[in-house]
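K.L.:
Predicted coordinates and the sequence they were generated for:
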Amino acid sequence: MYVQLNHITKKFEDYEAAKDVSLGVEEGRMAALLGPSGSGKTTLLRIIAGLEQQDSGDVLIDGKVVNDVPAGERGIGFVFQNYALFRYMTVYENIAFGLRVQKRKKEEIDARVMELVHLVGLDGLERRYPNQLSGGQRQRVAFARALAPEPSLLLLDEPFAAIDAKVRKELRLWLKNMISQVGITSIFVTHDQDEAVEVADEILVINEGRLEQAGAPIDIYKNPKTSFVAQFIGSSAVLSDFRGLKGFEDVPAGRQAVVRPEFVEAFKSDNEKFKSLIADTESGVITNIAFRGSYLELTLDVNGIQLTTNRSLERRPVHVGNPMCVLIYRAYILDGENTRIYENRRLEGVDVESL
Amino acid sequence: MKNQKKSIVPTLLIGISVVFFVVMLVLPLVIVLYRSLKDGLALYVKAITAPNTLSALRVTLIAASIAVLVNTFFGLCAAWLITKFEFRGRQVLSTLIDIPFSISPVIAGLAFIMTFGRMGWATPFIDWINSTFGTDIALVFSVPGVVLATIFVTFPFISRELIPVMQAQGNAEEEAAAMMGAKGFTIFRKVTFPHIRWTLLYGIILCAARAIGEFGAVYAVSKTRGQTFTLTLEVDALYMAGGADSITQAFAVSSLLVIIAVAILLIKQVVEYRAKRTEEA
């Protein structure tokens, strides 16, 4: 592990930001600390950076304990939320700051700054001040500034929060490419799961000062280990009474279940493709249709249970009030802190994947 | 609002403001200038070049300059400490800074006498210094006392100007600089200071104006005319003397203070204008 936290705890007055957190990030990887606001993810990032001191536990970077190493000597580049660019310095001076602190030679500074300006695609804007730049350009400057002193670790605090939605997608891709091009170990904090899934090699889900689960995005998505992860990742409906649903009669009483839209299939009773499965479906009624741009999100009422499913625009048009046949492939059953996948018993032996 | 019929309210408010402004602010100042020149320029020049006046001007300028220097340094320290660090007692310190605002200057002056005067708490210590180093320091009824009282009274001006600005600025830029290995003073010089330079200058101007105009506190600690009197005390002494000439002289010396005040106002205006321009750029 290149970056490692061992049993980190941190308490602010009456708020416990980290409760015995241990985690690791391997060299060259891009990890996301994902969690809702107030989960303590930013505190963990700041503890790694040295901007915050943990109450107990060790921070290791490249195998060395850095608890007592000041922030500026940990060899870390930090991209702040809202970037914290030096307002009274030009783009050039912003990027050169860390190099000047290190008292590098003038020609060396000049070469390095121009290299970075070129790398992040801001050629010609070196003389601009931060307030003369767009949000995306500012982020690029912040990125270049953090990389200038050649850190061995890059930390980013909500790097896309200050950018409007349209530019955000584009920048995510840009940042991901840029980081893999530079090849630097990176950790970023986000509350946006799409962002984490899209950018990170590895996701660390943080909740209430604890590490809930760590793994590749697909792992986190497909095999949520805790009830929090099952509910937080994906857009999920939480059901408390679902034993009446066909195929779920054997679930022990008193359990909650999480059903994602992609676990739910809804079709009209004259559907050819699903003809053979009609006997296993529940009948439901469409109560709401939301247009999501590239698909429709249907809300269905099935015997008083609200389920959502996504419907391709290519399929037959549906309307509110239409009766539908509703099939639930699987659900995450929440068992205390843990969670397990429960497949629809009626579909055993049916090749669901090929549908 | 645009399409409404012209209301009487704005006109009325403007009228009231103008009358108030003229009666309360402009008229008294004009009268000061008028009275100071009433008996001719010769008497005016004589009044402002009298040894007592020159001595008072000297003491005023010394006290104001030292107060500005000291308060700039400590004001910066206090504002920096309060806005950029989390520590126990931060709130208490922030409240303590305001003490000179809430305590009457006369009481501040008296407190100085109680502390540093002949019967005062710090007197044995001062005596010890004087006997050990062969010095002759006296804090009360002397110029150092005037300086101390002026510093006390004008202490909050600079830090109170700086604190809101530094608070609004936050710590992110300082943290960014620290992440890149910059140390305390470098961070202050390169990152914090550019943000606050106009505010600081503005605070210095206010502090200077207040220091020059201070009366109560220096009145308590200064008793010797021609040696430790400041301009305001000299005006008071001339006026209290009661002779026809001395009252005109009092107005002449007052006009000096008015001229200094107007000059400070002009500088303040220029600073505000420049600050606004750099903000926009």
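P.N.:
It's in.
K.L.:
Looks like A:Pro323 contacts A:Gly284 (just checking).
P.N.:
Yes: counting by Cβ atoms under 8 Å, A:Pro323 does reach A:Gly284; the two are 7.3 Å apart. Placement of C-beta: from N, CA and C, glycine included.
K.L.:
Any stretches of chain B with poor pLDDT?
P.N.:
B:1-5, B:279-281 (pLDDT under 70).
K.L.:
Could you look up the SS state of residue 23?
P.N.:
Assuming you mean chain A. Under DSSP: H, G, I helix; E, B strand; the rest coil, A:Leu23 falls in the strand class.
K.L.:
Oops, wrong one, chain B.
P.N.:
Per three-state DSSP, B:Val23 ends up helix.
K.L.:
What separation do you get for it and chain A?
P.N.:
45 Å (Cβ to the nearest Cβ, to the nearest Å).
K.L.:
follow-up on the earlier one: so A:Pro323 and A:Gly284 - more neighbours on which side?
P.N.:
For A:Pro323 and A:Gly284, the more surrounded residue by other Cβ atoms under 10 Å in any protein chain shown is A:Gly284, and the numbers stand at 23 against 12.
K.L.:
pLDDT-wise, which helix or strand of chain A ranks last?
P.N.:
Taking mean pLDDT, DSSP states H and E as the measure, chain A has strand A:237-239 as its least confident helix or strand, at a mean of 78.
K.L.:
For it, which outside residues touch it?
P.N.:
A:Gln231, A:Gln256, A:Ala257, A:Val258, A:Val259, A:Arg260, A:Ile305, A:Gln306, A:Leu307, A:Thr308, A:Ala331 (Cβ atoms under 8 Å, 6 or more residues apart in numbering or on different chains).
K.L.:
filter the residues you listed to the buried ones?
P.N.:
Neighbour counting over the contacts of strand A:237-239 (16 or more other Cβ atoms under 10 Å in any protein chain shown) leaves A:Gln231, A:Gln256, A:Ala257, A:Val258, A:Val259, A:Arg260, A:Ile305, A:Leu307, A:Thr308, A:Ala331 as the buried ones.
K.L.:
how far does the least confident helix or strand of chain A sit from the chain's center?
P.N.:
21 Å (Cα atoms, centre = their mean, to the nearest Å).
K.L.:
Just the buried positions in it, please.
P.N.:
A:Ala237, A:Leu239.
K.L.:
Mind listing the strands the helix or strand following it pairs with, and their directions?
P.N.:
The helix or strand immediately downstream of strand A:237-239 is strand A:256-259, counting by DSSP states H and E. Neighbouring strands of strand A:256-259 in its sheet, by DSSP bridges, are strand A:237-239 (antiparallel), strand A:330-335 (antiparallel).
K.L.:
And the next helix or strand past strand A:256-259?
P.N.:
According to DSSP H and E, the helix or strand after strand A:256-259 is strand A:264-267.
K.L.:
Can you give the contact residues for that next one?
P.N.:
Here strand A:264-267 makes contact (Cβ under 8 Å, 6+ apart) with A:273-274, A:284, A:286, A:298, A:300, A:307-309, A:311, A:324-329, A:355.
K.L.:
Name the residues of chain A found near chain B, please.
P.N.:
Within chain A, the positions near chain B by Cβ under 8 Å from any Cβ of the partner chain are A:49, A:51, A:70-73, A:76-78, A:80-82, A:84-89, A:97-98, A:101-102, A:145-146, A:148-149.
K.L.:
what about B:Ala172, neighbour count?
P.N.:
Neighbourhood size, B:Ala172 [other Cβ under 10 Å]: 15.
K.L.:
which non-adjacent residue is nearest it?
P.N.:
Nearest non-adjacent residue to B:Ala172, counting by Cβ to Cβ, 6 or more residues apart in numbering or on different chains: A:Ala84, 3.5 Å away.
K.L.:
Next, work out how far apart that neighbour and A:Leu153 are.
P.N.:
Using Cβ to Cβ, to the nearest Å, we find A:Ala84 at a distance of 18 Å from A:Leu153.
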